[in-house]
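Enquirer: Predicted model and sequence below, questions to follow.
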Amino acid sequence: MKILITGASSGIGAEFARQYASLHVELILLARRKERLQNLQNELQSKCKTVTIISVDVTDFALLQEKIKVIGAVDLLILNAGISLGHTQNIPTIADFQNLYNVNVLANHAILEVLLPKLQVQKSGHIVFISSLSSLFTMPSAKVYASSKRALNAYAEGIRYKYAKDGLHVSILLPGFIKSELTDKNDFAMPFLLETQEGVQRMKKAIDKGKRFYAFPLRFYLIIRFMALLPSALRQRIVNYLH
């Protein structure tokens with residue numbers, strides 16, 4: 001089984017690598033920070049069939065695609081790379097806004113532009129998009145991040161419909177707060193915060209079961225769904241209170 005994981009140098013991506021490590025697995029770990037990838041490679045190479053690292057900035061689309069071309073088709077693709085601007089009341093700069101969308105949305109398409117034709121020929125493959133519960137309800141301080149994840153949801157849904165006939169399976173995972181470099185930026189109490197290992201265990205279980213959509217923790221998801229059903233004026237009052 002060949003697995004490609006993006007954003008694999010730390011946090012959720014690195015934990016996915018650890019939990020999928022097995023003697024029958026070929027791991028391909030992609031991220032920007034080469035030294036961290038090498039450390040993870042050294043940690044896991046005795047546990048896997050092979051561990052290959054690809055050090056590249058995913059916003060360098062031409063170089064990213066060049067490096068992806070050589071790996072051929074994969075069985076499981078976990079599109080995990082993502083960044084946030086933290087929670088801030090400041091108006092984001094256009095440069096920050098663009099960079100976030102480049103990482104959270106466009107880099108995924110850059111990868112799939114190369115890999116989808118190979119998966120079509122293979123007539124199989126599982127593509128996993130790591131989105132966020134924030135894509136379902138946008139707090140003002142996270143508007144750029146939340147909007148990028150909502151865009152990712154729409155893109156992933158379209159990929160699912162388009163390539164189902166080719167034997168490809170798509171999972172969209174929407175975690176709440178999981179300890180990572182992204183959540184380390186937050187200076188507020190995060191409801192239902194999960195440790196990295198537990199959060200990834202839940203997502204891996206959903207992937208292995210082939211779930212098309214998985215939002216968790218359940219209580220957090222239900223609260224967000226309930227909020228979405230409230231009248232707009234009441235939602236505004238609640239957001240103003242929380243914010």
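Expert: Thanks, I have the structure now.
Enquirer: any idea which element the nearest residue to Gly72 once chain neighbours are set aside lies in?
Expert: Using CB to CB, 6 or more residues apart in numbering and skipping residues adjacent in sequence, the residue nearest Gly72 is Lys118, 6.2 Å away. Quick note: C-beta positions are derived from backbone N, CA and C, even for glycine. Per DSSP states H and E: Lys118 is located in helix 107-122.
Enquirer: tell me which residues in that helix are buried?
Expert: Residues of helix 107-122 classed as buried by neighbour count (16 or more other CB atoms under 10 Å): Ala107, Asn108, Ala110, Ile111, Leu112, Val114, Leu115, Leu116, Leu119, Gln120, Gln122.
Enquirer: thought the residue nearest to Gly72 was touching Asp75?
Expert: No - counting by CB atoms under 8 Å, Lys118 sits too far from Asp75 to count as a contact (11.3 Å).
Enquirer: How are the strands of this protein distributed by residue range?
Expert: 2-6, 26-31, 50-55, 76-79, 125-130, 168-175, 213-216 (DSSP state E).
Enquirer: Could you save those as a markdown table and add columns showing mean pLDDT?
Expert: As requested, the strands of the chain are exported to a markdown table (pLDDT from 0 to 100):
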| stretch | mean pLDDT |
| --- | --- |
| strand 2-6 | 98 |
| strand 26-31 | 98 |
| strand 50-55 | 98 |
| strand 76-79 | 98 |
| strand 125-130 | 98 |
| strand 168-175 | 98 |
| strand 213-216 | 98 |
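Enquirer: a markdown table please, covering those strands and showing distance to Tyr241.
Expert: Shown next, in a markdown table, are the strands of the chain (distance: least, CB to CB, whole Å):
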| stretch | distance to Tyr241 |
| --- | --- |
| strand 2-6 | 37 |
| strand 26-31 | 39 |
| strand 50-55 | 45 |
| strand 76-79 | 35 |
| strand 125-130 | 30 |
| strand 168-175 | 24 |
| strand 213-216 | 24 |
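Enquirer: Reformat those strands as JSON lines; add distance to Leu194 and mean neighbour count.
Expert: Below are the strands of the chain laid out as JSON lines (distance: least, CB to CB, whole Å; neighbours: other CB atoms under 10 Å):
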{"stretch": "strand 2-6", "distance to Leu194": "19", "mean neighbour count": "24"}
{"stretch": "strand 26-31", "distance to Leu194": "22", "mean neighbour count": "24"}
{"stretch": "strand 50-55", "distance to Leu194": "26", "mean neighbour count": "17"}
{"stretch": "strand 76-79", "distance to Leu194": "18", "mean neighbour count": "25"}
{"stretch": "strand 125-130", "distance to Leu194": "14", "mean neighbour count": "23"}
{"stretch": "strand 168-175", "distance to Leu194": "8", "mean neighbour count": "22"}
{"stretch": "strand 213-216", "distance to Leu194": "8", "mean neighbour count": "18"}
